[in-house]
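> Pasting the sequence and the predicted coordinates here, then a few questions.
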Amino acid sequence: MRKDLSERLRAIVRQLPDRTAVRELTFEPEVDAPDTWRAGPSGPAELAAAFGGTAIEDGAAHLVVIDRVYESTQSHGRWRIDACRPPAEAPLGIFDKKAASAPDWSSKPVFFDTETTGLSGGAGTIAFLAGLGWFEEGGFRVRQWLLTSQAGERLLLKELGSAVDAASLLVSYNGRSFDVPLMDMRWAYHRQPSPFDDMPHFDMLPSARKLWKGRENLSDPGGESSCSLSTLERDVLGFHRVGDVPGFEIPARYFQFLRTGDHRLLQGVLDHHRHDIVSLAVLMSYALRLAQDGPDRCRDDNEVVALGRIYERAGLAERALEAFDRASLSSDRYVRAQAFSRLGLLHRRDSRHDEAARAWRGVIEAAGGRRSLFALEREATQALAIHHEHRANDLDAAKKYAETMKSLSSGRAAADVSHRLARLERKLSEEKKKGDPKVAPLLE
């Protein structure tokens, strides 16, 4: 299998015989370099005070560390912080078996996010702000490392690596595709091993898409549903940001900060980043509790169907049937059609053919000829045609469903239906001849 870029970079780093003797690839000013290399005239200590953090310096390298603790009684949208700690028995394996296979993954999961100088990637893109969140006695702590000059990147990597070492699980939102590969590249760029190499990693984005991609976008009724973290925190968690900095503005704000030293440009960026980490922790907790508690925990019928599909993929057929049975009672035709369709497939898989047929009829009733449900209606009609021909031995009903299929089909599919109809006509003709007393002796 072809290795991706991050794996190849890791291999290069591991092969270096003496990392301490390798010339570093990044430029760092000398200790007595002019203060123009600093982010503004006030220096790291004054900047740290302005941000409510502490300064860390190592020669000319410096950064600011900001800690915020959310007390257990505080709320984030509809959720209290003390209700968001994932329990040891939380069914993470339903979403990600590999991440859940880590021993004691729930002892200290850390929630990771970055803000970068651009989204296009490449060697020039760096994370100027990295953050971790974790649960501790009495609340949830968010720690952010802010580069006040780009020369401090190696120091940021060192501090972040030390904090990650104690984690039992890394949790991110689209981190598998963006944040983690970017950070791996930066560690490799500095000829250092990545602490993420052997760390269990759970990316919440794929699970969020499975649970909420098909829902109505409450923030934009009638619009396409979105699985961005900011949208889900509004629609799912009930958390609304006021005066938030748009993500596309963040790189420009950082570069302006480097030019002017105006710390006010980054205050909103720090808040945005911090909210992302807390929302990630709450969203993961909600997803785990959905999987643990079942349909009774769901907010709406769309969530019930999505949860049923997750159970089905995980091989939990009984729990999937429970969810789809609940959703089949929905007042929403689209939800009912989806639920009946999955029930039909599950019952047929277990050879419960009469229950499957009832489910297929439920699909047709719910679809009612609606264009948005055309595919489900056609699938159910085909399944009923097969059921009545080969299992119920009701050729008239099979012919009726086949004729309906023909009206729903075109091209190659229509030709297949015509072949089915011709076969049914032959079978019906033979039955008619066998049932006619004048014709029967001729057939003996």
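Thanks, I have it.

> Three-state assignment for Asp104, please.
coil (DSSP: H, G, I helix; E, B strand; the rest coil).

> Check the nearest residue to it once chain neighbours are set aside and give its pLDDT.
Of all residues not flanking Asp104 in the chain, Ser168 sits nearest, at 5.7 Å (CB to CB, 6 or more residues apart in numbering). Where C-beta positions appear, they are placed from N, C-alpha and C, glycine not excepted. Looking at Ser168, its pLDDT stands at 95.

> Please apply the same query to the one 10 residues further on.
Here, the pLDDT recorded for Phe178 equals 94.

> Please settle this for me: is it part of a helix?
Yes - assessed by three-state DSSP, Phe178 belongs to a helix.

> What separation do you get for it and Glu159?
For Phe178, the distance to Glu159 equals 21 Å [CB to CB, to the nearest Å].

> Return the residues in contact with Ala383.
Listed by CB atoms under 8 Å, 6 or more residues apart in numbering, the contact partners of Ala383 are Gly344, Arg348, Ala356, Ala357, Trp360.

> Now name the helix or strand holding it.
Using DSSP states H and E, Ala383 maps to helix 374-390.

> How far off centre is that helix?
How far helix 374-390 lies from its chain's middle: 33 Å, per CA atoms, centre = their mean, to the nearest Å.

> can you pull the buried residues of it?
Neighbour-count burial for helix 374-390 flags 376-389 (criterion: 16 or more other CB atoms under 10 Å).

> distance between the helix ranked longest in the chain and the chain's centre?
Counting residues, the longest helix found in the chain (DSSP state H) is helix 264-293. Centroid separation for helix 264-293 versus its chain: 13 Å, with CA atoms, centre = their mean.

> Report the buried residues of it.
Residues of helix 264-293 classed as buried by neighbour count (16+ other CB under 10 Å): 265-266, 268-270, 272-291.

> Ok, stretch 202-216 next?
Phe202, Asp203, Met204, Leu205, Ser207, Ala208, Lys210, Leu211, Trp212, Gly214, Arg215.

> and that stretch, what's its mean pLDDT?
Mean predicted confidence for stretch 202-216 is 89.

> which strands and helices sit next to the one helix or strand Asp184 maps to?
Element membership for Asp184 (DSSP H and E) is helix 180-189. Here helix 180-189 touches helix 5-15, strand 109-116, strand 127-136, helix 153-164, going by 3 or more CB pairs under 8 Å, 6 or more residues apart in numbering; DSSP states H and E.

> try it again with 6 Å
helix 5-15 (3 or more CB pairs under 6 Å, 6 or more residues apart in numbering; DSSP states H and E).

> Next SSE downstream of the helix it packs on?
As assigned by DSSP H and E, the chain's next helix or strand after helix 5-15 is helix 43-51.

> where does Ala252 sit relative to Ser149, distance-wise?
From Ala252 over to Ser149 the distance is 18 Å, taken as CB to CB.
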